[in-house]
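> pasted the sequence and its predicted model underneath.
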Amino acid sequence: MAQTQVLHIAGWSTCGFYRRASSVLASLSVLFPSKIKVVDHTFPSRSEYRQWLIDGGFREQVSDARAHGHSSSPFTWIADSAGEPDAASITEFIGGHDDTLAWCRKYCAPPPDAAPTSVATMADDGYTADHGYDYDLVVIGGGSGGLAASKEASSLGANVAVLDFVKPSPAGTSWGLGGTCVNVGCIPKKLMHNAALINESIQADAAAFGIRPAPTGVESAPTGFQTSHDWVTMRENVQNHIRSLNFKYRVNLREKGVKYLNKLGKFKDAHTLEVTDKKGRVSEITASRFIVAVGGRPTPLDCEGGELAISSDDVFALENSPGKTLCVGASYISLECAGFLAGVGHDVTVAVRSILLRGFDREMAEKIGSYMEDHGIKFRKEVVPKKLEKVEGDQIKVTFSDGQTDVYDTVLVAIGRQADTQKLGLESIGIETNSRNYKIPTKFEQTSVPNIYAIGDVMEGCPELTPVAIQAGVQLSRRLFGGSKEPMDYKNVCTTVFTPIEYGCCGYAEDEAVEKFGEDNVEVYHKSFMPLEWSLSDSRSVHQAFTKVIVDKSDNDRVLGIHFLGPNAGEVLQGYGTAMKKSITFKDLEDTVGIHPTSAEEIVTLAVTKSSGEDAAAGGC
């Protein structure tokens, strides 16, 4: 048996980079308890951390010269002992946040020639047809993944129940059946994003296409191009659409033979749930199998007055216009919300602690930030809120970490999400969760308790995307009740960020590809271009759309990643996702005849490489 590696990580308690890196290492120690042991050295403050690392001389005692100039948090190393920091026991210096994540990726990566797993080999969970429990399967959580899993299992003959109980947000917002995506995520976000696109098109494009204000007395035509926005009308129409979906989901469950229980569940043992209804009445239900699909909730703002902020759980149902808004965080949720709020006319500022869209392609993220700034969205960089306080007129005064202050009508926090597992009673049945984000480690969606499974945002290592949860739920149910052995494929999943200029991607980011495959093996084909529908508008000329394809030169120019920044990015990328699943090569793209005139054809007409140094700007048709 391989010797256990002891990883030490040091940092100060409120440092986001330290917390993130420590969280990933903690997950690895849960997944590989016999191979990895993690020792956390947490300092109460930045000054105490630097006193130990720099003034105390610990970094100078490390033999690796890279450590001598390291001043940030975290500081990570491998040692042959698990006690207090001892430079003499260090066998390998890893580095800081990015180095730690890179080490984790390398540790988990299969050998380069390893074939993808085609069969899901799961532990025997003890299921028999005559088990004697109330249900064959109980799904905890009525979001997209949970509903998909329950309906598929029922269609395969299982006796299934779904528990769904929405705990109100700290601001008091609640919603109906369907989970985050339908109620407080993808659906209302896309609708409000569309409102912003409509408003921008009227202002930027209408005049160039000959559309003018109507003559006086013509009631059916627009009255002018200085538009105004009615938040209440939009919110009512969006919420009415959501309520119609909530109703359809209830009907659909009944039609599929799935029992719907509007109750909050907590594990009593591996086959028993204690459930509480909205009137506080407690009862018990039993099942042979359980799927945990409770999703996640926004991470709250941890500062004085943080309770004054709202989150994405609240913004889509606000009774009144949010007014001047501060969006805290550089996540895709924060930037999407900032985009549609600014797009319908609000004064919006984004507070960014470090970089935009961490985890996405750096070049694309920078282009998005530039586009948003040029469209009136302000950015406060390298700051976080330190204090929120009410001032006159229900406004919120925000004091930032750089000492500056400003007053806002609304503060919206989107700094991350945590799995909603804390009150499920998982600890009572022996399921450990990641101490940082409360997610559940699994193998083929099966937890450490064989008859309990997890899908979607609650699962460690799973992309937090609705279609991923749906697909995983369907395939898991087929394995549990349909005899399938096919695993869920979490690779090459397409996604789109609905910022003011949309960004769609599939596969590796450029920097990730270089890190994994080596700079000498990676080539990038790229192009900036003007979408035809933008070409008549002077106000559109500042920014162009952009696309790039990343290939592995050592593997027949196999496509590693496709990135597209421009109108309708999600519609453009969806079909390429199928091609990525089939290991498309760059020649396959070159041999594809494009649809003209479209933005999507720009991907199949790429010819300029970054290594050539040639201008990536596209010419005419």
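Thanks, I have the structure now.

> the residue lying closest to G176 once chain neighbours are set aside: what secondary structure?
The shortest distance from G176 to any residue that is not its chain neighbour, by CB to CB, 6 or more residues apart in numbering, is 3.4 Å, and that residue is N246. Backbone N, C-alpha and C define where each C-beta goes, glycine included. Three-state assignment for N246 (DSSP: H, G, I helix; E, B strand; the rest coil): helix.

> N246 and G295: what is the separation?
Remark: distance between N246 and G295 (CB to CB, to the nearest Å) = 16 Å.

> these two - which one has more neighbours?
A count of neighbours by other CB atoms under 10 Å puts G295 above the other of N246 and G295, at 26 against 15.

> wait, that one sits on V182?
No: no contact is recorded between G295 and V182 when judged using CB atoms under 8 Å, the distance being 11.4 Å.

> between these two, what contacts are shared?
Taking CB atoms under 8 Å, 6 or more residues apart in numbering as the contact rule, G295 and V182 both touch G143.

> next, count neighbours for K256.
Burial of K256, expressed as a neighbour count using other CB under 10 Å, amounts to 15.

> residue contacts, it?
Contacts for K256 were tallied using CB under 8 Å, 6+ apart; they are 150-151, 154-155.

> which pair of those spans the longest distance?
The most widely separated members of the contacts of K256 are S150 and S155, with 9.7 Å between them, by CB to CB.

> between those two, which has more neighbouring residues?
Set side by side, S150 and S155 show unequal neighbour counts under other CB under 10 Å, the larger going to S150 at 30 against 17.

> quick one: pLDDT of that one?
Looking at S150, its pLDDT is 98.

> and it, what element?
Using DSSP states H and E, the secondary-structure element containing S150 is helix 144-155.

> which other helices and strands contact that helix?
Here helix 144-155 is seen to pack against strand 135-140, strand 160-163, helix 179-184, helix 231-255, strand 282-292, helix 466-481 when contacts are counted using 3 or more CB pairs under 8 Å, 6 or more residues apart in numbering; DSSP states H and E.

> excluding its backbone neighbours, what's nearest L25?
For L25, the spatially nearest residue (CB to CB, 6+ apart) is V38, at 4.7 Å.

> list the contacts for that neighbour?
Neighbouring residues of V38 by CB under 8 Å, 6+ apart: 7-9, 22, 25-26, 28-29.

> hmm, Q446 is touching D125, no?
Yes: using CB under 8 Å as the test, Q446 is close enough to D125 to be in contact (7.5 Å).

> neighbour count winner among the two?
Q446 (20 against 16).

> now the residue most central in space within the chain: how far from Q418?
For the chain, the residue sitting closest to the mean C-alpha position, by CA atoms, centre = their mean, is E464 at 4.7 Å. Taking CB to CB as the measure, E464 and Q418 are separated by 11 Å.

> any shared contact partners between these two?
Shared contacts of E464 and Q418 (CB under 8 Å, 6+ apart): G296.

> just give me the neighbour total for E614.
11.

> in what helix or strand does R105 lie?
When elements are assigned from DSSP H and E, R105 belongs to helix 97-108.

> what does that helix rub up against?
9, 17-18, 20-21, 24-25, 28, 72-74, 76, 94, 515-516.

> before we move on, the earlier item: could you list which of the contacts of V38 belong to strands?
Among the contacts of V38, the subset assigned to strands under DSSP state E consists of 7-9.

> how about stretch 521-537, which residues are buried there?
By neighbour count, and taking 16 or more other CB atoms under 10 Å as the criterion, the buried residues in stretch 521-537 are 522-531, 534, 537.

> and of the residues you listed, the nearest to D615?
S528 (9.0 Å).

> OK, contacts around that closest one?
544-546, 616-618.

> that one pairs with what?
For S528, the beta-bridge assignment (DSSP bridges) gives partners F546, A617.

> look at it and report its pLDDT.
At S528, the model reports a pLDDT of 97.

> how about the contacts of V38 in JSON lines, adding pLDDT?
Converted to JSON lines, the contacts of V38 look like this (pLDDT from 0 to 100):
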{"residue": "L7", "pLDDT": "95"}
{"residue": "H8", "pLDDT": "96"}
{"residue": "I9", "pLDDT": "96"}
{"residue": "S22", "pLDDT": "93"}
{"residue": "L25", "pLDDT": "93"}
{"residue": "A26", "pLDDT": "90"}
{"residue": "L28", "pLDDT": "88"}
{"residue": "S29", "pLDDT": "87"}
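
> circling back to that earlier point, got JSON lines for the helices and strands packed on helix 144-155, with mean pLDDT too?
Written out in JSON lines, the entries for the helices and strands packed on helix 144-155 read as follows (pLDDT from 0 to 100):
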{"stretch": "strand 135-140", "mean pLDDT": "98"}
{"stretch": "strand 160-163", "mean pLDDT": "98"}
{"stretch": "helix 179-184", "mean pLDDT": "97"}
{"stretch": "helix 231-255", "mean pLDDT": "97"}
{"stretch": "strand 282-292", "mean pLDDT": "98"}
{"stretch": "helix 466-481", "mean pLDDT": "97"}
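
> would you mind saying which of these lies nearest R380?
helix 231-255 (24.2 Å).

> what does that closest one contact?
Contacts made with helix 231-255 from outside it, assessed by CB under 8 Å, 6+ apart, are listed as 142, 147, 150-151, 162, 175-178, 182-183, 187-188, 191-192, 195, 259-260, 316-322, 344.

> what comes up buried for that helix?
With burial defined by 16+ other CB under 10 Å, the residues of helix 231-255 counted as buried are 231, 234-235, 238, 242, 245, 249-250, 253.

> max pairwise distance over the residues you listed: which two?
The most widely separated members of the buried residues of helix 231-255, counting by CB to CB, are W231 and L253 (32.9 Å).

> quick one, helices of the stretch 301-450 of the chain?
Secondary structure of the stretch 301-450 of the chain by DSSP state H, counting those that start in this stretch: the helices cover 332-343, 362-374.

> if I look at the nearest residue to A342 once chain neighbours are set aside, how far off is Q239?
Spatial nearest neighbour of A342, excluding adjacent residues (CB to CB, 6+ apart): V348 at 4.2 Å. When CB to CB is the yardstick, V348 and Q239 sit 22 Å from each other.

> over to D555?
Here the criterion is CB to CB. By it, D555 lies 49 Å from Q239.

> which sections of the stretch 101-250 of the chain are below the confidence cut-off?
Applying pLDDT under 70 to the predicted model, the residue ranges of the stretch 101-250 of the chain that meet it are 110-117, 215-225.

> tally of neighbours for V493?
The number of residues packed near V493 is 18, by other CB under 10 Å.

> quickly find the element holding it.
When secondary structure is defined using DSSP H and E, no element contains V493, which sits outside every helix and strand.

> what's opposite the residue lying closest to Y438 once chain neighbours are set aside in the beta bridge?
The shortest distance from Y438 to any residue other than its chain neighbours is 4.3 Å, reached at A419 (CB to CB, 6+ apart). With DSSP bridges applied, A419 shows beta-bridge pairing to G296.

> re the thing from before, make a markdown table out of the contacts of S528 and add neighbour count, pLDDT and distance to I431.
As requested, these are exported to a markdown table (neighbours: other CB atoms under 10 Å; pLDDT from 0 to 100; distance: CB to CB, whole Å):
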| residue | neighbour count | pLDDT | distance to I431 |
| --- | --- | --- | --- |
| Q544 | 20 | 94 | 50 |
| A545 | 22 | 97 | 46 |
| F546 | 21 | 98 | 44 |
| A616 | 21 | 88 | 50 |
| A617 | 11 | 86 | 54 |
| A618 | 19 | 66 | 53 |
